[in-house]
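1. let's see this in three dimensions:
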Amino acid sequence: MKKYINPAESKTFGEKPADIQELINAALYILERFGIPLTNSARRLERMAISFLACGDIKKLSDFNNSKDLNYGYSLKTRDIISYVNKHFYENISSGSYDDIRRKDLKLLTTAEIILQSSPNSATNDSTRGYSINPTYAELVRKFGFKDWEQLVEKTLKDIEPLSLKLKREREINKVEVNLPAGGKLTLSLGEHNILQKKIIEDFLPRYGYSAEVLYIGDTSNKYLYLEKEKLIKLNFFEITHDELPDVIAYSKEKNWLYIIEAVHSSGPISEIRLLQLKKITKLCTADIVFVTAFLDRQKFRQFISSIAWETEVWIADSPDHLIHFNGDKFLGPYK
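-> Numbering: from 1, shown residues only. Below is the predicted model of the structure:
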């Protein structure tokens, strides 16, 4: 049996007897075969597994063959689940944590309808609502360990899309595809900030970047999504792990210009203070620097216009062929 949780990864798991550890890993194996993605932390997986076991009245490995479900009239309320796991699985979960059972421990299982609610039409916070294993899945649980069990699961669930695939598809749908100027593609998480970053890369740089190459992009969910660290080092750029990183960095070899670009959705234009910070941390850079604040539209620009620093550029995505120069004596370019 595959070990999904290493005792060193979860103190509570490591303190449990070997037979309980085996039971939890068996539950996780079953849930994985049922299509549940096991990508959470070890402790979160442990909590999900023991909550699942409680909903089927499974206290030891031999209980799989006698697991209960809604057709048995068996269900546990969230407080009952806490009492069950504390008693049988060497837990010490506070009775006041009952809402975590619903919102965290059973969330994936109820979404996949592996666990059903005894009164699905009741209010979300109804304290009388119980949880139990779906009879379709409980029948498979009762046959766990039988010959060709995996094939039986596959056959029984062939018309049910696994939650892992549903979530993967949703993650792929909720992405922003970005085409880099030099070729290649990136995928950013969905959100207005990243939509603006896409426009910066696909609309601003081709117009004003003088064949600029993107050297850094920070995704809202991954600060170092795209990073050309060695190329930045050659430009004597500041340490890339610095907290003051902008949203997009691009370099034009033709002009020897380094573009420092802030994508503003809710905050973060290049203000006078921000400009001083950026100048300080780029003072040894061998390229001339162009500071740009980008906005999705003029309405958003108007919210921040009083904060924007002189000697910087502003680009508005819904008017991509125009720049606003906060300088006075020249057009786009670095200040010396």
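2. going forward, measure contacts between C-alpha atoms and count neighbours the same way
-> Noted.
3. which SS state does D57 fall under?
-> Three-state secondary structure (criterion: DSSP: H, G, I helix; E, B strand; the rest coil) places D57 in coil.
4. so what's the residue count around it?
-> For D57, the count of nearby residues is 22 (other CA atoms under 10 Å).
5. and for the one 4 residues further on?
-> Counted with other CA under 10 Å, residues neighbouring L61 total 16.
6. any idea how far it lies from L45?
-> 18 Å (CA to CA, to the nearest Å).
7. how about S267?
-> Using CA to CA, we find S267 at a distance of 36 Å from L45.
8. the more surrounded of those two?
-> L45 (22 against 10).
9. the more buried one against L38, yeah?
-> Yes. Here L45 reaches L38: they are 7.0 Å apart, a contact under CA atoms under 8 Å.
10. what do these two both touch?
-> Shared between the contact lists of L45 and L38 (criterion: CA atoms under 8 Å, 6 or more residues apart in numbering) are residues L28.
11. how about low-confidence regions in the stretch 51-200 of the chain?
-> Scanning the stretch 51-200 of the chain for pLDDT under 70 picks out 120-127, 164, 166-177, 182-183, 190.
12. can you map out the helices along it?
-> Secondary structure of the stretch 51-200 of the chain by DSSP state H, counting those that start in this stretch: the helices cover 78-88, 98-100, 107-111, 135-142, 149-156, 163-173, 192-199.
13. tell me which of the ones you listed is the most buried.
-> Across these, the average number of neighbours (mean count of other CA atoms under 10 Å) peaks for helix 192-199, which reaches a mean of 22.
14. mind saving the C-alpha coords of that helix as PDB?
-> Output in PDB follows, covering the C-alpha atoms of helix 192-199 (Å, rounded to 0.1, in the frame of the first residue of the first chain):
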ATOM      1  CA  GLU A 192      -7.400  41.700 -13.900                       C
ATOM      2  CA  HIS A 193      -3.900  42.300 -12.800                       C
ATOM      3  CA  ASN A 194      -2.600  39.500 -15.000                       C
ATOM      4  CA  ILE A 195      -4.800  40.500 -17.900                       C
ATOM      5  CA  LEU A 196      -3.100  43.800 -17.800                       C
ATOM      6  CA  GLN A 197       0.300  42.100 -17.700                       C
ATOM      7  CA  LYS A 198      -0.700  40.200 -20.800                       C
ATOM      8  CA  LYS A 199      -1.500  43.500 -22.600                       C
END
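15. for whatever helix or strand comes next after that helix, buried residues please.
-> Towards the C-terminus, the helix or strand next in line after helix 192-199, according to DSSP states H and E, is helix 205-208. Neighbour-count burial for helix 205-208, with 16 or more other CA atoms under 10 Å as criterion, is recorded at L205, Y208.
16. let me see the domain layout of the chain.
-> Following automatic domain parsing, the chain resolves into domains at 7-170, 174-326.
17. compare the ones you listed and report which one is nearest to P334.
-> Proximity to P334 (CA to CA) singles out domain 174-326 among the domains of the chain, at 4.8 Å.
18. so how far is the closest one off the chain centroid?
-> Relative to its chain's centre, domain 174-326 lies at 23 Å (CA atoms, centre = their mean, to the nearest Å).
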